[in-house]
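In: Predicted model follows, preceded by the sequence.
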Amino acid sequence: MTDLTTTYLGLNLKNPLVASASPLSKKVDTVRKLEDAGASAVVLYSLFEEQIVHESHKLSYFLDQANEPSRESNPYYPDLDHYNVGPDGYLEHIQKVKKAVSIPVIASLNGVTDSGWVEYAKNMEDAGADGLELNLYNIPTDLYLSSAEIENGYLDLIQRVRDEIKIPFAVKLSPFFTSLPYFARKAAEAGANGLVLYNRFYQPDLDVETLEVVPCLELSTSADMRLPLRWIAILYGRVEIDLALTSGVHTAVDAIKAVMAGSSVAMMASELVAKGPSRLGEILKDLGDWLEKYEYESIQQMKGSMSQRAVEDPAAFERGNYMKALQTFDHRLP
């Protein structure tokens with residue numbers, strides 16, 4: 001029988017299918033269903049830095065403004081009360097999930113500055129999290145802030161978190177880096193155990209009738225995995241760090257591509273949100289059947305087999321492949 005086991009962030013996993021951060025992990029019963037379906041680990045939904053700040057603002061309000069309630073407040077904060085529980089509730093949720101399942105539980109921090117990250121990273125470790133995912137979701141808008149300053153800030157944060165906690169952690173990145181290989185190397189040197197590629201920024205839309213900026217969230221498709229697939233294939237074997245592919249994993253073939261490129265795990269959210277936790281079990285069965293059909297003895301045998309350093313034409317992952325792709329349209333032109 002094919003050995004599906006893998007390792008990620010030093011954690012021994014029974015297979016490469018991991019439930020990534022999503023609303024599915026808000027309920028303990030749903031996390032149990034994910035485990036029953038075969039998920040090898042779960043990344044909990046994110047605790048946002050804004051919630052930590054909001055909690056602090058509420059405390060200051062009651063201490064300093066108790067006798068003079070304000071009628072005005074930041075319009076973004078009320079929504080946070082409904083998004084998920086606050087910092088303390090999140091820590092309690094980690095404890096409840098840990099008691100309910102036997103698979104590794106990875107907490108998730110989503111922030112912009114390092115003001116609350118280090119403290120809450122330690123709190124999550126103390127609550128029993130097996131690992132941590134630092135979600136660097138930042139939209140730079142300052143005309144005088146250089147990319148080097150932003151990236152150095154990220155690296156400083158990684159180092160500070162590494163100095164504070166003992167559990168392994170990964171950094172979830174956006175695709176908007178001028179030199180991803182350089183940053184990946186520096187992140188590993190700063191103490192990150194893994195990189196998660198990629199964070200999907202939810203792009204706002206414009207309502208031309210109401211003249212409002214409208215939040216827009218769309219579930220991924222398998223086509224969305226091409227970008228992280230390419231960069232995992234390029235990074236594999238060049239940086240001493242675990243790689244995780246997220247965005248676009250919907251089928252067993254998608255998971256196979258992720259592992260062949262060099263990913264330790266294939267993280268899933270959209271497919272499970274759309275079809276429920278049991279869908280993961282179907283994908284896991286398809287994965288096992290495929291490996292047996294093509295006579296793979298283990299996931300490790302397959303891992304990195306189609307990375308840039310393993311394929312016959314490494315340039316296929318670079319600029320040359322772009323010209324080849326354009327040529328496929330030649331015959332369609334008049």
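Out: Yep, that arrived.

In: Locate Val18 within the secondary structure: which element?
Out: Secondary structure assignment for Val18, by DSSP states H and E: strand 17-19.

In: which helices and strands does the helix or strand just after that strand pack with?
Out: Toward the C-terminal end, the helix or strand that comes next after strand 17-19 (DSSP H and E) is helix 28-37. For helix 28-37, the packing partners by 3 or more C-beta pairs under 8 Å, 6 or more residues apart in numbering; DSSP states H and E come out as strand 41-43, helix 87-100, helix 278-293. C-beta coordinates here come from the backbone N, C-alpha and C atoms, glycine included.

In: what's the closest of those to Ser174?
Out: Across the helices and strands packed on helix 28-37, Ser174 has its closest neighbour in strand 41-43 (16.8 Å, C-beta to C-beta).

In: What lies in contact with the closest one?
Out: Strand 41-43 is touched from outside by 8, 11, 13, 18-21, 25, 31, 34-35, 97, 101, 103-108, 130, 133, 265, 267, with contacts defined as C-beta atoms under 8 Å, 6 or more residues apart in numbering.

In: Put the buried members of these into a ChimeraX selection.
Out: Only the buried entries of these go into this ChimeraX selection, using 16 or more other C-beta atoms under 10 Å:
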select :8,11,13,18,19,20,21,25,31,34,35,97,101,103,104,105,106,107,108,130,133,265,267
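
In: Extract the C-alpha trace of stretch 199-207 and format it as CSV.
Out: C-alpha atoms of stretch 199-207 as CSV (Å, rounded to 0.1, in the frame of the first residue of the first chain):
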residue,chain,number,x,y,z
ASN,A,199,-2.3,34.5,0.1
ARG,A,200,-5.2,35.4,-2.1
PHE,A,201,-5.9,39.2,-1.8
TYR,A,202,-9.6,39.8,-2.1
GLN,A,203,-9.8,42.6,-4.6
PRO,A,204,-12.6,45.1,-4.1
ASP,A,205,-15.1,46.0,-6.8
LEU,A,206,-16.8,49.3,-7.6
ASP,A,207,-20.5,49.8,-7.6
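
In: Pull the distance from it to the chain's centre.
Out: Averaging C-alpha positions (C-alpha atoms, centre = their mean, to the nearest Å) puts stretch 199-207 17 Å from its chain's average.

In: Flag every buried residue along it.
Out: Asn199, Arg200.

In: Stretch 269-284 now?
Out: So stretch 269-284, judged by 16+ other C-beta under 10 Å, has buried residues Ala269, Ser270, Glu271, Leu272, Pro277, Arg279, Leu280, Gly281, Ile283, Leu284.

In: could you pull out the strands for this structure?
Out: In the chain, the strands defined using DSSP state E lie at 6-8, 11-13, 17-19, 41-43, 47-48, 105-111, 131-136, 169-173, 194-197, 205-207, 212-214, 242-245, 265-268.

In: Pull the residues that contact stretch 222-234.
Out: 175, 180-181, 197-198, 200, 243, 245-251, 254, 257-258, 261-263, 306-308, 317.

In: Put the buried members of those residues into a ChimeraX selection.
Out: Of the contacts of stretch 222-234, the buried ones can be selected in ChimeraX as follows, counting by 16+ other C-beta under 10 Å:
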select :180,197,198,200,243,245,246,247,248,249,250,251,254,257,258,261,262,263,306,307,308,317
